[in-house]
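Visitor: Let me see the structure of the following:
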Amino acid sequence: MLQQEAAEAARAEDNIQLATLQATARLEAARQDAARAEAVRVQAAVWENERLEILRLEGKAQEALRVASVRQETARQEAARAEAARVELQLQEATQQAAARQELLRQDAVRQATLRAQAERQDAARAEAARVEVERQQAAQQALARQDEARQAVARQEAVRAEAARLDAERLEASRQTAARQDAARQEAARVEAARIDVARVEAERQEAIRQAAARQQALARQETARQEAALQDAARQAAARAEATRQEAAAQAAARQDTERQEAAKRSAEQQAAQQDAGRQEAARVVEERAAARREEVRAAAAQREERLRAIGRQLNEEADRRDAVRASSPLPSSWSSARRGRIFGRSDTNQELVLYAEAWSRKIELNMTMDAVREAAQQPHTDPLVLVAVRSDGSVESVSFVRSSGVPALDAAVRGVVQSLANYPAFPPALAREFDVVEIRRSWHFDMAIRLY
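Guide: Below you'll find the predicted structure:
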């Protein structure tokens, strides 16, 4: 009976301890579940801190379990000793052998129960530790999976940004290439235009030389027939000049329209590149190249036509000079002819249109012949824009250079005088102008910046 009561007491105590352990384990599991739920909502760094906190709590729980186990074992042993003392007092009258056998049986039962309880507690602790470890590993795997998903999302976003950057770079490169091709076309056109201007300048100088010779011959032969022929020739040249100016203006307007069309086409091409990148770029490049080639062809054709007209004018001037030589040989002027009729123009406007045109042509020759280098160093000194009066004879030679207002820098005044003399002879007077004047005085204000400008 006592053995059964002892066994029941031991089982009850073991059940109490097991229930305590289970409750503690459930509480700990609940705390761990709360910690895991919290760890899901925080960032990777917080997850690591929570994992460390869980490990710390597990250590504390294991320590509490160990302390409780020691306390329970001590209490149980104390109760067993008290029970043994009570039993021993009750069984003092019994025989020593029965008491010894009962004590041995009780102690053996206690040991077995203790061993079973310890084994169960160890199994439960191992099972709980295994469960906790599995849950921790699962949480870690989930955290790693979430981190991998986050990294993959970041990688996808980075790939999208890189692709967008690549597309932007391709669009920018296409725009740059288009602009470069347009710039190259403009440079080619400018080069052709500069070559045309240079050819025209050389031809104009040649024509001026021819006209100067013709003017010198005409100064000696002033018969009415020569004057009439010269008037007709001058009218023809003016008509040709006006026609040429009209053609150049039309060509400039056409070139401006073509530039506008090219710019519009480039803008449309840039807008279409988002949907049709390669095809758009190739088509825009082809269109730009074709238009540039067409414009170069137009410039070359215009230059050829102008060259042919200049040659025709040169041939006509040569024929006129030959006729004037023949007239002079047949009726020379008396050597006493030496009149000096003078015309004056002090601005850009005058009632005599021939005088205005000649003064403008004379100014352009100075402005367009790269004469700034001759005065650049002197013009860097503080100065006033000089007001210069230049007297030009009918054959284009310079009679005199005088200063109505000096620049205040002697070196600059001397440089201006040198520029005027270095470009002589100037164009001979047209026949209509030569019939009125032997000398023309042109007054201009000289301004120096990137070039010489006459006002």
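Visitor: Return the residues in contact with Val420.
Guide: By CB atoms under 8 Å, 6 or more residues apart in numbering, the contact list for Val420 reads 366, 388, 390, 398, 401. Just so you know, the C-beta spots here come from the backbone N, C-alpha and C atoms, and that holds for glycine as well.
Visitor: Select from the residues you listed every entry located in helices.
Guide: Among those, the ones falling in helices (DSSP state H) are Ile366.
Visitor: Using PyMOL, define a selection of the buried residues within the contacts of Val420.
Guide: Restricted to buried positions by 16 or more other CB atoms under 10 Å, the PyMOL selection for those reads:
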select buried, resi 366+388+390+398+401
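Visitor: just checking, which of the contacts of Val420 belong to strands?
Guide: 388, 390, 398, 401 (DSSP state E).
Visitor: between those, which is nearest Glu83?
Guide: Nearest to Glu83 among the ones in strands among the contacts of Val420: Val388, at 140.5 Å, using CB to CB.
Visitor: partner residues bridging that closest one?
Guide: Beta-bridge partners for Val388, by DSSP bridges, are Phe403, Arg444.
Visitor: residue contacts, it?
Guide: Counting by CB under 8 Å, 6+ apart, Val388 touches 401-404, 416, 420, 443-446.
Visitor: for stretch 73-89, which positions count as buried?
Guide: Result for stretch 73-89 [16+ other CB under 10 Å]: buried residues 76, 80, 83-84, 87.
Visitor: ok, residues contacting it?
Guide: Residues outside stretch 73-89 that contact it (CB under 8 Å, 6+ apart): 2, 6, 9-10, 13, 99, 102-103, 106, 110, 114.
Visitor: among the residues you listed, which two are most distant?
Guide: Between any two of those, the greatest separation by CB to CB is 24.0 Å, found for Glu13 and Ala99.
Visitor: Counting neighbours, what do you get for the nearest residue in space to Gln72 that is not next to it in sequence?
Guide: In this structure, Gln72 finds its nearest non-sequential neighbour in Gln17, 5.6 Å apart by CB to CB, 6 or more residues apart in numbering. Gln17 has 18 neighbours, counted by other CB atoms under 10 Å.
Visitor: How about Leu115?
Guide: Using other CB under 10 Å, Leu115 is surrounded by 10 other residues.
Visitor: quick one: it from Asp108, how far?
Guide: 10 Å (CB to CB, to the nearest Å).
Visitor: ok, now Ala434?
Guide: For Ala434, the distance to Asp108 - CB to CB - is 155 Å.
Visitor: Who has more neighbours out of the two?
Guide: Each of Ala434 and Asp108 has its neighbours counted (other CB under 10 Å); Ala434 has more, 23 against 10.
Visitor: Any stretches of the stretch 101-250 of the chain with poor pLDDT?
Guide: Applying pLDDT under 70 to the stretch 101-250 of the chain picks out residues 155, 159-160, 162, 164-165, 168-169, 174-175, 177-207, 209-246, 248-250.
Visitor: just the buried residues of stretch 73-89 now: which is nearest Ala129?
Guide: Nearest member of the buried residues of stretch 73-89 to Ala129, counting by CB to CB, is Arg76, at 24.3 Å.
Visitor: which stretch of helix or strand covers that closest one?
Guide: Using DSSP states H and E, Arg76 falls within helix 44-90.
Visitor: Can you tell me the SS state at Gly396?
Guide: coil (DSSP: H, G, I helix; E, B strand; the rest coil).
Visitor: What pLDDT does the model give it?
Guide: pLDDT recorded at Gly396 is 94.
Visitor: Which strands and helices lie in contact with whichever helix or strand Gln32 is part of?
Guide: Applying DSSP H and E as the criterion places Gln32 in helix 2-41. If you count contacts as 3 or more CB pairs under 8 Å, 6 or more residues apart in numbering; DSSP states H and E, helix 2-41 packs onto helix 44-90, helix 96-220.
Visitor: buried sites along it?
Guide: 6, 10, 13-14, 17, 21, 25, 28, 32, 35-36, 39.
Visitor: got a winner among the contacts of Val388 for most neighbours?
Guide: Within those, most neighbours by other CB under 10 Å means Val416, with 27 neighbours.
Visitor: Test my guess that that one contacts Pro386.
Guide: Yes: counting by CB atoms under 8 Å, Val416 touches Pro386, with 6.1 Å between them.
Visitor: what residues are shared contacts of those two?
Guide: Common neighbours of Val416 and Pro386 (criterion: CB under 8 Å, 6+ apart): 407, 446.
Visitor: and the nearest residue to Pro386 once chain neighbours are set aside, backbone torsions?
Guide: For Pro386, ignoring the flanking residues on the chain, the nearest one in space by CB to CB, 6+ apart is Ser407 at 4.1 Å. Main-chain dihedrals, Ser407, degrees, to the nearest 10: phi -70, psi -20.
Visitor: residue contacts, Ser407?
Guide: By CB under 8 Å, 6+ apart, the residues touching Ser407 are 383-386, 413, 416, 446.
Visitor: If any of those are buried, give me the ChimeraX selection for them.
Guide: Buried residues among the contacts of Ser407 (16+ other CB under 10 Å), as a ChimeraX selection:
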select :383,386,413,416,446
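Visitor: nearest to Glu93, of the contacts of Ser407?
Guide: His383 (148.2 Å).
Visitor: ok so that closest one is a strand residue?
Guide: No: counting by three-state DSSP, His383 is not part of a strand but coil.
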